[in-house]
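K.L.:
starting from these lines, generate the structure:
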Amino acid sequence: MINFNTEKELKELDTFKGIKAKTFEEIRCCGQIREYRKGKNIFIDKEDVTMIYIVLSGKFSLYKLGNNGQKRVVYILGKDRIINEVIIDDLPSSINCEVFECGKLLLIEKNKLISLMEEDFNLTKNIIESLSKKVRRLYRQIKNTSPNILVDKKLAAKLWKLSKDYGEKTDLGVEINLNLSKTYLADMFGSQRETISRTLKELEKKNLIIVTNKRITILNSEKLIEFFKKS
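P.N.:
Below you'll find the model as predicted:
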């Protein structure tokens, strides 16, 4: 059973916004809380996954592996995001999930969640909204990773979006609150590390970003997105 402090934490999640008190009590009684260290796999592609995972803290990445073994990061998900609502369709996982930053997950058995959704429309609506957000993000990614778009513009668009999702205002601009190595950025685009390293330097020369260790600060969000849109 989930303790009092975590119960308060769950009530703040949009995932459980507007659900019935009875539904919340069921989740509190049957849900499990687990902590994970960076780099651990939560599940892998084609695995039969029986649990639904909801992020309480930390960051978790969803990625695919190409035929050559190259990683391609699809999403980085933070607090209040459902990692794998797609498994409701009763098929094996179609993606890998690993811990990007140490964090904590709420685990709910899939069939139990489906049963609760049948009894509580608001819970069902919240799950659908979570899926909708992912689909919209995927549409944007497809548009912004077109082979006709140059790497510097693709990277500018990605950094702009990450700053919107995980940005924190500083004296210099907006710092992306993620430890993004050049290798990990390359995984997001399916590119070579050297290409991303060179492109980051180009964006720095244009005074659009500053890179300090694994932290990236957007100096001017409007100029960055204008650079992406400029033909």
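
K.L.:
care to break this protein down by domain?
P.N.:
What automatic domain parsing lists as the domains of the chain is 4-144, 151-229.

K.L.:
JSON lines please, covering the ones you listed and showing mean neighbour count and mean pLDDT.
P.N.:
Backbone N, C-alpha and C define where each C-beta goes, glycine included. Output for these, formatted as JSON lines (neighbours: other C-beta atoms under 10 Å; pLDDT from 0 to 100):
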{"stretch": "domain 4-144", "mean neighbour count": "16", "mean pLDDT": "92"}
{"stretch": "domain 151-229", "mean neighbour count": "17", "mean pLDDT": "92"}
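
K.L.:
what residues are up against the residue nearest the centre of the chain?
P.N.:
Note on the chain: the residue nearest the mean C-alpha position is residue 77, at 2.0 Å, using C-alpha atoms, centre = their mean. Neighbouring residues of residue 77 by C-beta atoms under 8 Å, 6 or more residues apart in numbering: 55, 59, 60, 61, 62, 83.

K.L.:
what's the longest helix along the chain packed up against?
P.N.:
Ranked by residue count and defined by DSSP state H, the top helix of the chain is helix 121-144. Contact analysis of helix 121-144 by 3 or more C-beta pairs under 8 Å, 6 or more residues apart in numbering; DSSP states H and E lists strand 71-77, helix 110-119, helix 151-166 as its packing neighbours.

K.L.:
now with 10 Å, please.
P.N.:
Contacts defined by 3 or more C-beta pairs under 10 Å, 6 or more residues apart in numbering; DSSP states H and E place helix 121-144 against helix 21-30, strand 51-65, strand 71-77, helix 110-119, helix 151-166, helix 182-189.

K.L.:
which of the ones you listed sits closest to residue 91?
P.N.:
helix 110-119 (11.5 Å; C-beta to C-beta).

K.L.:
which strands or helices does the closest one pack on?
P.N.:
Judged by 3+ C-beta pairs under 10 Å, 6+ apart, the packing partners of helix 110-119 are helix 21-30, strand 51-65, strand 96-109, helix 121-144.

K.L.:
quick one: that helix to helix 21-30, angle?
P.N.:
170 degrees (axes from the mean of the first three to the mean of the last three C-alpha atoms, to 10 degrees).

K.L.:
contact partners for the closest residue in space to residue 126 that isn't next to it in sequence?
P.N.:
Closest residue to residue 126 in three dimensions, ignoring its sequence neighbours and counting by C-beta to C-beta, 6 or more residues apart in numbering: residue 15, at 5.4 Å. Residue 15 sits next to 27, 52, 54-55, 80-82, 85, 106, 123, 126-127, 129-130 when contact means C-beta atoms under 10 Å, 6 or more residues apart in numbering.

K.L.:
noted, bye for now.
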